[in-house]
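Chemist: Build me a model from this:
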Amino acid sequence: MLRLFRKDKPVKIRSCTENRKYGVAAKDVKELLKKGCKLLQLPLSGAHVCLCADGTEVTEEYFQTLADNTELVLLSRDQTWSGGVAYDIGQLLSTGLHGDGLIEAAKGLLSDEQTPKRRKILTELVLNLEDRSDLESREEDKDWFKGVDARFKTKSAYMKFNCESRIRSYMKEVVGATNSIQKAKVKQEFLKASACLKDMLKAAGYNGCYFDRTVKEPDRLCTQGGWFTCQGSFDQKVCLSLHSINPYSSYESRVVFSTWNLDHRIEKKRTVIPALQDALQNHKSADVNLHYFYRLLFTRENLKLVHIVCHNKGAHDLLCDPKEIFRQAKGRKRRLV
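Modeler: The predicted structure is shown next:
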């Protein structure tokens with residue numbers, strides 16, 4: 001008897017092959033399918049309905065929880081739907097538009113989009129569509145170099161410098177940790193260790209090669225065209241959101257890339273630097289395996305390039321034992337290198 005008292009729920013429905021939406025009111029999924037199939041001229045047998053936003057199938061129970069005017073997609077037996085943004089992008093790329101026309105069409109989709117997740121995807125699409133990555137020099141792409149010091153004549157030279165600056169900042173943190181050491185002898189050894197680490201960095205060009213697309217693999221983190229892929233949170237093998245960006249493509253993408261992080265899996269401040277300090281409590285810097293610390297602080301052995309969303313700033317619980325790090329680090333070079 002409860003069924004008799006259900007009010008018709010207004011929803012917006014469309015097919016998976018066109019953008020036009022129709023208003024339909026129904027008490028339940030069965031009635032919605034009947035009305036929808038008649039309206040869109042689809043066979044009723046095997047028909048099903050899902051959310052336009054992300055492809056979630058709408059069951060009878062779920063239908064009753066939907067907000068009024070929720071956007072739905074009506075599908076025939078063999079049809080599937082992975083989300084509105086995937087369809088919109090597919091349709092957009094099949095139009096044959098190029099260059100500015102394609103960008104403007106994508107911006108048009110973005111201007112009408114309200115769903116945060118879809119806005120994010122479309123925003124990244126717009127950024128990546130403005131692709132001038134094949135241009136390298138300042139003369140060829142002056143807009144890309146807005147705000148960049150005049151001494152940089154190519155994109156690769158600036159990106160190399162950008163990476164060097166990040167690595168240099170890690171070195172500054174190591175040196176800055178000297179101020180927290182109370183014992184004079186330990187402080188002296190820590191300064192020696194810091195100087196040695198800095199010499200290693202200088203010899204390696206501060207590892208600026210990671211962002212330089214002109215160097216050979218595997219020294220760079222990007223493709224030859226300049227594409228970078230998020231490597232996922234410190235505790236993941238890959239990025240589950242498949243973030244990617246080409247900072248060589250446009251000024252906007254270069255700015256957005258500045259929010260990506262070179263994140264230490266084994267944490268720099270909480271674990272690595274304190275372990276170096278501990279190792280020098282009763283040992284000279286010459287007896288500590290500084291190459292071990294160099295790899296943890298400044299190389300891809302412990303660094304992951306991550307999108308800001310994947311940058312977890314909380315404690316990195318990797319089930320690693322800081323005491324074990326200390327035990328290895330305090331050994332002599334001949335045993336550890």
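Chemist: only C-alpha atoms for contact and neighbour calcs from this point on.
Modeler: OK.
Chemist: per-residue confidence for residue 278?
Modeler: Residue-level confidence at residue 278 comes out at 92, pLDDT.
Chemist: Could you pull out the helices in the stretch 201-337 of the chain for me?
Modeler: Using DSSP state H, counting those that start in this stretch, the helices of the stretch 201-337 of the chain run over residues 251-257, 273-279, 290-298, 322-329, 333-336.
Chemist: Then the stretch 51-200 of the chain?
Modeler: Using DSSP H, counting those that start in this stretch, helices in the stretch 51-200 of the chain cover 60-63, 84-93, 99-111, 116-129, 155-176, 184-203.
Chemist: Can you give me the distance of residue 175 to residue 276?
Modeler: With distances taken as C-alpha to C-alpha, to the nearest Å, residue 175 is found 12 Å from residue 276.
Chemist: out of the two, which sits in the more crowded spot?
Modeler: For residue 175 and residue 276, the more surrounded residue by other C-alpha atoms under 10 Å is residue 276, and the numbers stand at 24 against 18.
Chemist: Let me know whether that one touches residue 293 as I believe.
Modeler: Yes: counting by C-alpha atoms under 8 Å, residue 276 does reach residue 293; the two are 7.4 Å apart.
Chemist: By mean pLDDT, which helix or strand of this structure comes out lowest?
Modeler: Within the chain, no helix or strand scores below helix 333-336, which has a mean of 37 by mean pLDDT, DSSP states H and E.
Chemist: Tell me which residues touch the closest residue in space to residue 234 that isn't next to it in sequence, please.
Modeler: Closest residue to residue 234 apart from its sequence neighbours, by C-alpha to C-alpha, 6 or more residues apart in numbering: residue 265 at 5.0 Å. Counting by C-alpha atoms under 8 Å, 6 or more residues apart in numbering, residue 265 touches 234, 235, 302, 303, 304, 316.
Chemist: so what's residue 232 scoring on pLDDT?
Modeler: 92.
Chemist: Quick check: the gap between it and residue 184.
Modeler: 41 Å.
Chemist: now residue 288
Modeler: With distances taken as C-alpha to C-alpha, residue 288 is found 18 Å from residue 184.
Chemist: now residue 256
Modeler: The gap separating residue 256 from residue 184 is 44 Å, by C-alpha to C-alpha.
Chemist: swap in residue 169?
Modeler: Distance of residue 169 to residue 184, given as C-alpha to C-alpha: 25 Å.
Chemist: Walk me through the domains of the protein.
Modeler: Domain segmentation of the chain under automatic domain parsing yields 2-82, 88-129, 155-336.
Chemist: residues in contact with residue 192?
Modeler: Counting by C-alpha under 8 Å, 6+ apart, residue 192 has contacts residue 285.
Chemist: related to what we said a few turns ago, among residue 256 and residue 184, which residue is more densely surrounded?
Modeler: More crowded of residue 256 and residue 184, by other C-alpha under 10 Å: residue 256, with 17 against 9.
Chemist: That one - nearest residue in space that isn't next to it in sequence?
Modeler: Spatial nearest neighbour of residue 256, excluding adjacent residues (C-alpha to C-alpha, 6+ apart): residue 247 at 7.7 Å.
Chemist: Give me the local confidence score for the one you found.
Modeler: With respect to pLDDT, residue 247 scores 92.
Chemist: do the same with residue 16
Modeler: 81.
Chemist: do the same with residue 19
Modeler: pLDDT at residue 19 comes out at 73.
Chemist: go on, residue 241?
Modeler: pLDDT for residue 241: 77.
Chemist: separation between it and residue 33?
Modeler: The separation that residue 241 has from residue 33, given C-alpha to C-alpha, amounts to 33 Å.
Chemist: Give me the more crowded residue out of the two.
Modeler: Higher neighbour count among residue 241 and residue 33: residue 33, with 22 against 11, using other C-alpha under 10 Å.
Chemist: Show me which residues of the host helix or strand of that one are buried.
Modeler: Per DSSP states H and E: residue 33 is located in helix 29-40. For helix 29-40, the neighbour count (16 or more other C-alpha atoms under 10 Å) marks 29, 32, 33, 34, 35, 36, 37 as buried.
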